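Participant: predicted structure and sequence below. I'll ask about it afterward.
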Amino acid sequence: AQTIHQWPVAEIKAVGSPLSLGCTIKGKSSPNLYWYWQATGGTLQQLFYSITVGQVESVVQLNLSASRPKDDQFILSTEKLLLSHSGFYLCAWSPIDTQYFGPGTRLLVL
Amino acid sequence: GDQVEQSPSALSLHEGTGSALRCNFTTTMRAVQWFQQNSRGSLINLFYLASGTKENGRLKSTFNSKESYSTLHIRDAQLEDSGTYFCAAEGGNTGKLIFGLGTTLQVQP
């Protein structure tokens, strides 16, 4: 069975500090991978997607970047956090159609 | 741009009753997914539809791509059904999902 893991579970960071969030999918080779952001009380917005290693497409950047260094790993990062980056970050994977979401990382930027 | 209009924004049901949630799409969508987000934030997959109707227990969903809408029916609501329900539509073949604003459902005893 496939499992999706995100780390860290939660972070409190200062404005202007760097950030790196990780997502790993196990049990599935060459999955499509996605990053989403959800403001508190809001809806989900797709940020990035990746079909293969080393390839990432931006949907909405929000001063963030993403990379896929390994087949099973998707990284979301920024060198300088903004207050507006606070929220809930979810990674998702799909074999073909249906997208399955990870448990998410809560980020608070102060 | 492509939009997903979800209604109602909030819904309160008594246990044992039912209702329907609806999403309208401003453009032709290839497929729709329905999710329940629980209090921890986890998104639970309910349905994926490219067309037609699917049923799972007390839930039933329909996707009409020609008329650009999808519905989620909940019957015999239980307390554990409380949460926020999202529809998400897929327009192209890149896996871009456009989410509705969600329906917050509260089931009361």
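Facilitator: Received it, and whenever you're ready, just let me know what you need.
Participant: return the residues of chain A in contact with chain B.
Facilitator: Where chain A comes near chain B, counting by C-beta under 8 Å from any C-beta of the partner chain, the residues are A:32, A:34, A:38, A:42-46, A:49, A:57, A:59, A:88, A:90, A:94, A:97-101, A:103-104, A:106. Yep, even glycine has a C-beta here, placed from its N, CA and C like the rest.
Participant: who's in contact with residue 82?
Facilitator: Unless you meant another one, I'm taking chain A. Neighbour list for A:Leu82: A:15, A:63, A:109 [criterion: C-beta atoms under 8 Å, 6 or more residues apart in numbering or on different chains].
Participant: not what I meant, chain B
Facilitator: Listed by C-beta under 8 Å, 6+ apart, the contact set of B:Ser82 reads B:105-107.
Participant: next one: A:His85
Facilitator: A:19, A:62-64, A:78, A:107, A:109.
Participant: same question, B:Gly41
Facilitator: For B:Gly41, the contacting residues are A:38, A:88, A:90, A:103-104, A:106, taking C-beta under 8 Å, 6+ apart as the criterion.
Participant: okay, those residues in JSON lines with pLDDT, secondary structure and distance to B:Gln3 next?
Facilitator: Compiled in JSON lines, the contacts of B:Gly41 are given as follows (pLDDT from 0 to 100; DSSP: H, G, I helix; E, B strand; the rest coil; distance: C-beta to C-beta, whole Å):
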{"residue": "A:Gln38", "pLDDT": "97", "secondary structure": "strand", "distance to B:Gln3": "18"}
{"residue": "A:Phe88", "pLDDT": "97", "secondary structure": "strand", "distance to B:Gln3": "22"}
{"residue": "A:Leu90", "pLDDT": "97", "secondary structure": "strand", "distance to B:Gln3": "21"}
{"residue": "A:Pro103", "pLDDT": "96", "secondary structure": "coil", "distance to B:Gln3": "28"}
{"residue": "A:Gly104", "pLDDT": "97", "secondary structure": "coil", "distance to B:Gln3": "24"}
{"residue": "A:Arg106", "pLDDT": "97", "secondary structure": "strand", "distance to B:Gln3": "27"}
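Participant: quick check: PyMOL command selecting the buried ones in those residues.
Facilitator: One line in PyMOL is enough to select the buried members of the contacts of B:Gly41, burial here meaning 16 or more other C-beta atoms under 10 Å in any protein chain shown:
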select buried, chain A and resi 38+88+90+104+106
